[in-house]
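*Asks:* What would the 3D arrangement of this be:
(2 chains)
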Protein chains: 2
Amino acid sequence: MKPSLSSVEDALSEIRSLIEKHHSFVLLEHQKPDGDCVGSGLALVQALRNLGKQALLVSQDPHPAVYDFLPGREFHTRAQYIEPEDFRAEVAIFIDCTDPERAGKGLELASNSIWVNIDHHVSNTGFGDVSLVVPDAAATGEIIYKLLLAMGVPITKEIATCLFVAIATDTGGFRYQNTTQETFEIAGALTGYGAIPWEIAEHIFETRSVSSILLLGKALNTLKLSRGGKLATVSVTRDMMAQAGASPDETEGIIGYPRSISGVEVSLLFREMEDGSGFHVSFRSRSKVDVSKIAMRLGGGGHPRAAGALVKGNLEEASQKVLSVLDEFDIWMDS
Amino acid sequence: MKPSLSSVEDALSEIRSLIEKHHSFVLLEHQKPDGDCVGSGLALVQALRNLGKQALLVSQDPHPAVYDFLPGREFHTRAQYIEPEDFRAEVAIFIDCTDPERAGKGLELASNSIWVNIDHHVSNTGFGDVSLVVPDAAATGEIIYKLLLAMGVPITKEIATCLFVAIATDTGGFRYQNTTQETFEIAGALTGYGAIPWEIAEHIFETRSVSSILLLGKALNTLKLSRGGKLATVSVTRDMMAQAGASPDETEGIIGYPRSISGVEVSLLFREMEDGSGFHVSFRSRSKVDVSKIAMRLGGGGHPRAAGALVKGNLEEASQKVLSVLDEFDIWMDS
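*Replies:* As a prediction, the model looks like this:
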């Protein structure tokens, strides 16, 4: 359901007048905030502060350390540091949250406020007193940018930097399918306002931990190709994580490597569960195979190109189970 | 030396009238053409063909296979397949060449032609009957885009795709220091003309060979941090390349990994020379250290942030030599 242009314009002007009319704002991030949420929140809280408003950005979970370089952090705090009974904001703005519950503990701070919902997820429930949901936007940062333009707020270098981070992270550095002509136009405008693309890229794309690099090396050493080069598998055991000093999060980018191999259609990452009872299996498909069906057969789920499932047993047993399901789908024959 | 705006305008209109007046064109790429050269060349040759001109894109060396998905390849050939005495083009357009010799064997095809020089390298010698050199452009593709606009040639989806590749490769996917507001504006316009950012990114950034991934795994397993975490070193031996089935080219992206480690200021990649007599050492610096000085002391050279040198001896001897020079520079104390 695509909002009509006029409903977007209406929501922008309603939010604009809410902001003009009121003085105190709480901005609520979703749990485990990502770059779009953090960048959008920091941009908007600074814009409100620059207008002389009282505004606080609140999240249940901490900001990932990679965003520590962003300006405006002095206006951010975590929900557990605030007593809801002592707190009152006239307006609560939900940032990048598909539904109010996504704000987690932050939601307790919004119980007596007017609710504004700013998001780009197609699955957004449309909650709130005012709802500005634009599924065509690559990032919530794009919507915040348009809101600031509609409000006539000066876009400072600091705000531009935060919005650029929001957009660059949610588009994978302008590489995902959500990247549009408008995404580039906004990135260009933000660069004009003072965002420095290469400095931001250094922080968000070119900074890694030693442990993640050691783990990547170990994982790539397990690479196996099979099914005529169409299936690529890598695995990460608890031992490997211990040796690298890595946390389970740090497996995150690994599956991109087998996935990227020329000729590979399906790639798998087996990550041993912390209790050793089995493996978390991530599935990626390059273009043709719907891996969500395979994951579902194994009790998991996901999207056609990216899915996951938990499979019990040791590595040998878990791979046998996964391969037998894969082979049932007979995906190696076509093309 | 920055060209004045009027000299750029003058060159654009001179090239425009040369193209109107003449019928046969040869477009010359530089040796070992990169994405900017290939994308710019394919874009311009298609634009000229669409105008009904006779036009051929020529390179001494083959196009890297990663660009095989680009349209217009039927108008490209290699210089060695053409007899210079049988060939005549009224106009030779040098693409992305700092000087005419960069065209290698292609230069032989330009001996009786009017020379046009289109490039963005600051080191361009300004050769040619018409010279359009714009050092502020992130890529020669940006200049070709402006030329096509000035000529009023329709920018087809095919041309837009080639120009997008030119710009995306030379900016490292909009991550290098050359990325400007205008770079994003042009990328946005090209997306509007039909370039598909995510499909292009899949081809140029998310496609790797098995051997390069195996080699990366082996190289990362050699990672060593020293000097209080400010120096990161990885090495690649001939054995590792043989085991991975990799060519020396495939070491290319490896140094980005140690370089990206949080807290690392200088990173080194030791790559064993094919004759086993020593190591090619690549130096990268994050922000403060001028590694070209260190490379120069070892008989090499380069830029402040990226340099290289050849060092004789086995790995132990080579690293000792490099470390002793590094330590002389006393770069570990500051900050």
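
*Asks:* Point out where chain A drops to low pLDDT.
*Replies:* Low-confidence segments of chain A, defined by pLDDT under 70, span residues A:1-5, A:333-335.

*Asks:* domain ranges for it?
*Replies:* A:5-204, A:210-328 (automatic domain parsing).

*Asks:* Buried deepest among those, which one?
*Replies:* Burial of the domains of chain A is given as mean neighbour count (mean count of other C-beta atoms under 10 Å in any protein chain shown); domain A:5-204 ranks first at a mean of 20. Just so you know, the C-beta spots here come from the backbone N, C-alpha and C atoms, and that holds for glycine as well.

*Asks:* hmm, that one in reach of chain B?
*Replies:* Yes. Using C-beta under 8 Å from any C-beta of the partner chain, domain A:5-204 reaches chain B at A:173-177, A:179-185, A:187-189, A:191-192, A:197-198, A:201.

*Asks:* Tell me the gap between that domain and the middle of its chain.
*Replies:* With C-alpha atoms, centre = their mean, to the nearest Å as the basis, domain A:5-204 stands 13 Å off its chain's centre.

*Asks:* Same check on stretch A:206-217?
*Replies:* Distance, centroid of stretch A:206-217 to centroid of chain: 20 Å (C-alpha atoms, centre = their mean).

*Asks:* And for stretch A:211-226?
*Replies:* Distance, centroid of stretch A:211-226 to centroid of chain: 24 Å (C-alpha atoms, centre = their mean).

*Asks:* could I get that stretch in CSV with only the CA atoms?
*Replies:* What follows is stretch A:211-226, C-alpha atoms only, in CSV (Å, rounded to 0.1, in the frame of the first residue of the first chain):
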residue,chain,number,x,y,z
SER,A,211,38.4,-10.6,16.3
SER,A,212,36.0,-10.3,13.3
ILE,A,213,39.0,-10.4,10.9
LEU,A,214,40.5,-13.4,12.6
LEU,A,215,37.1,-15.2,12.5
LEU,A,216,36.6,-14.3,8.9
GLY,A,217,40.0,-15.9,8.0
LYS,A,218,39.1,-19.1,9.9
ALA,A,219,35.6,-19.3,8.3
LEU,A,220,36.9,-18.8,4.8
ASN,A,221,39.3,-21.7,5.4
THR,A,222,36.3,-24.0,5.7
LEU,A,223,34.9,-23.0,2.3
LYS,A,224,33.5,-25.9,0.3
LEU,A,225,32.0,-25.8,-3.2
SER,A,226,29.6,-28.5,-4.3
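
*Asks:* quick one: A:Asp99 and A:His121 touch, right?
*Replies:* No. Contact criterion C-beta atoms under 8 Å: A:Asp99 and A:His121 do not qualify, at 9.5 Å.

*Asks:* To which secondary structure element is A:Glu14 assigned?
*Replies:* helix A:5-21 (DSSP states H and E).

*Asks:* er, A:Cys97 actually
*Replies:* Using DSSP H and E, A:Cys97 falls outside every helix and strand.

*Asks:* give the contact list for the closest residue to it other than its chain neighbours.
*Replies:* Leaving out its chain neighbours, the residue that sits closest to A:Cys97 by C-beta to C-beta, 6 or more residues apart in numbering or on different chains is A:His30, at 4.6 Å. A:His30 makes contact with A:Cys37, A:Ser59, A:Ile95, A:Asp96, A:Cys97, A:Thr98, A:Arg102, A:Ala103, A:Gly104 under the criterion C-beta atoms under 8 Å, 6 or more residues apart in numbering or on different chains.

*Asks:* got the residue ranges for the strands in chain A?
*Replies:* Assigned by DSSP state E, chain A shows strands spanning A:24-28, A:54-59, A:76-78, A:91-95, A:114-119, A:130-133, A:224-226, A:231-236, A:266-272, A:278-285, A:301-302, A:306-312.

*Asks:* I'd like those written out as TSV, with distance to B:Val311 added.
*Replies:* Shown next, in TSV, are the strands of chain A (distance: least, C-beta to C-beta, whole Å):
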stretch	distance to B:Val311
strand A:24-28	55
strand A:54-59	50
strand A:76-78	48
strand A:91-95	53
strand A:114-119	55
strand A:130-133	59
strand A:224-226	35
strand A:231-236	34
strand A:266-272	38
strand A:278-285	40
strand A:301-302	49
strand A:306-312	44
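
*Asks:* right, and A:Pro197 touches B:Thr179 too?
*Replies:* Yes. The criterion here is C-beta under 8 Å, and A:Pro197 meets it with B:Thr179 at 4.4 Å.

*Asks:* picking that back up, tell me the helices and strands packed up against the helix holding A:Glu14.
*Replies:* Secondary-structure packing of helix A:5-21 (3 or more C-beta pairs under 8 Å, 6 or more residues apart in numbering or on different chains; DSSP states H and E): strand A:114-119, strand A:130-133, helix A:140-151.

*Asks:* try 6 Å this time
*Replies:* strand A:130-133, helix A:140-151 (3 or more C-beta pairs under 6 Å, 6 or more residues apart in numbering or on different chains; DSSP states H and E).

*Asks:* Give me the helices and strands touching the longest one, please.
*Replies:* Looking back up the chat, that one is helix A:140-151. helix A:5-21, helix A:35-50, helix A:157-170.

*Asks:* Just put those in a markdown table and tack on distance to A:Ala246.
*Replies:* As requested, the helices and strands packed on helix A:140-151 are exported to a markdown table (distance: least, C-beta to C-beta, whole Å):
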| stretch | distance to A:Ala246 |
| --- | --- |
| helix A:5-21 | 42 |
| helix A:35-50 | 21 |
| helix A:157-170 | 21 |
